[in-house]
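> could you work out the structure for the sequence below:
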Amino acid sequence: MKKILFLCTGNSCRSQMAEGWARHFKGEAYDIYSAGLEAHGLNPNAVRVMAEAAVDISRHRSKTVDALRDVDFDVVFTVCGHADETCPAFLRQAKVVHVGFDDPPKLAAAAKTDDEALDHYRRVRDEIKAFCQSLEQFM
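The predicted structure is shown next:
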């Protein structure tokens, strides 16, 4: 079974949502992981908007890519520019594909209400969902 990694800076939001969606749609076809260059903790708003879409990521944990050094990945999807620019060399043995998504926490920082903030998370969640539905084209 092919192994897929979604890599982001902090493994708190975008990579976690991508892991959740990929497991939801393709979990029987691929081994799916997420990690960060750092571990910032699981973003509660990411958990919340994924739950709205009936995908539970509440048991995920934020981890660094170093925790997965022993996994031989077939494909690494970098979901933010920083992860793409600084992807560790040991991951470059896999096929690396950059698919950047906006950073919901950064966008939500200027929101005037909780609903407005969550709308940023929802938009990115839905963009990641659409991407994860078509993973085969990158395999």
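
> just for the protein, where's the confidence low?
Across the chain, nothing is flagged by pLDDT under 70.

> at 90 what do you get?
Across the chain, the ranges flagged by pLDDT under 90 are 84, 86-93, 136-139.

> looking at it, which helix is longest?
If you go by DSSP state H, the chain has its longest helix at helix 114-132.

> list the contacts of that one.
Here helix 114-132 makes contact (Cβ atoms under 8 Å, 6 or more residues apart in numbering) with 13-14, 17-18, 21-22, 24-26, 45-46, 48-50, 52-53, 79, 99, 101-102, 104, 107-108, 111. Using the backbone N, CA and C atoms, a C-beta is placed for each residue, glycine as well.

> and the spatially most central residue of the chain, which of the three is it?
Centroid-nearest residue in the chain: Ser15, 1.3 Å away (criterion: Cα atoms, centre = their mean). When classified by DSSP: H, G, I helix; E, B strand; the rest coil, Ser15 comes out as helix.

> tell me the contacts of it?
Here Ser15 is in contact with Phe6, Leu7, Cys8, Ser34, Ala35, Gly36, Val79 (Cβ under 8 Å, 6+ apart).

> looking at the residues you listed, which one is closest to Gln133?
Nearest to Gln133 among the contacts of Ser15: Phe6, at 14.4 Å, using Cβ to Cβ.

> okay, and the beta partners of the closest one?
Applying DSSP bridges to Phe6 gives these bridge partners: Ser34, Phe77.

> from the chain's centre, how far out is stretch 115-135? Work that out for me.
11 Å (Cα atoms, centre = their mean, to the nearest Å).
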